[in-house]
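> Sequence and computational prediction follow.
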Amino acid sequence: MERLIGKKLKMSQIWQDDKIVPVTFISTETEPDLEVGSLVKVSGISKGRGFQGVVKRHGFGGGPKTHGQKNRQRAPGSIGSTAPQRVWPGRRMAGRMGGDKITVKNLKVVEVDKEKKLVLLRGAVAGAINSKVQIYKS
């Protein structure tokens, strides 16, 4: 599978067929040999969020807000039963969030500018501005 290395420049919107289309601008190191309308797979490193609790990291509901609760609103609750006297492996808890490799499949190539080495892809690509991304032709 052929791979292009690029840099995520920004996200924007363009008009296409009387509709607004969200696009991601990617500048490539080499001249892109992609066709408009083709589908590609893009990999990037997601933004790091630092140490996060279970509500933000895993979407836990938290505890009740009233009826005598003081500081249990964003706590994880019970983390296991009494019997094994340990926490089972794989238990979802607070920890570092983000900074993972994310691959988005079937992104459509909207526009290719070979002179400026620029590729416009429909939709979002993982990563911060100026982060490295890899484009794989399908």
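That came through fine.
> And residue 46, its phi and psi?
phi -70, psi 160 (degrees, to the nearest 10).
> tell me the contacts of it?
With contact set as C-beta atoms under 8 Å, 6 or more residues apart in numbering, residue 46 has these partners: 98, 99, 100, 101, 102, 126, 127. (C-beta placed from N, C-alpha, C; glycine too.)
> switch to 10 Å and redo it
Residues counted as contacts of residue 46 (C-beta atoms under 10 Å, 6 or more residues apart in numbering) are 97, 98, 99, 100, 101, 102, 126, 127, 128, 131.
> any idea how far the third one is from residue 83?
The one in question is residue 99. In this view, residue 99 and residue 83 are 36 Å apart by C-beta to C-beta, to the nearest Å.
> Repeat that for the fifth one.
Note on residue 101: its distance to residue 83, by C-beta to C-beta, is 38 Å.
> First residue to last residue on stretch 115-132, what's the distance there?
20 Å (C-alpha to C-alpha, to the nearest Å).
> List the buried residues of it.
117, 118, 119, 120, 121, 122, 125, 126, 127 (16 or more other C-beta atoms under 10 Å).
> show me the contacts for the last one.
Listed by C-beta under 10 Å, 6+ apart, the contact set of residue 127 reads 7, 8, 24, 42, 43, 44, 45, 46, 47, 101, 102, 133.
> Report pLDDT for the first one.
Per-residue confidence at residue 7 stands at 98 (pLDDT).
> where does it land in three-state SS?
With DSSP: H, G, I helix; E, B strand; the rest coil as the basis, residue 7 sits in strand.
> Just give me the neighbour total for it.
For residue 7, the neighbour count with other C-beta atoms under 10 Å is 15.
> Quick check, it in contact with residue 130.
Yes: in this structure, residue 7 is within contact of residue 130 by C-beta atoms under 10 Å, at 5.9 Å.
> Now list whatever residues contact both of the two.
residue 27.
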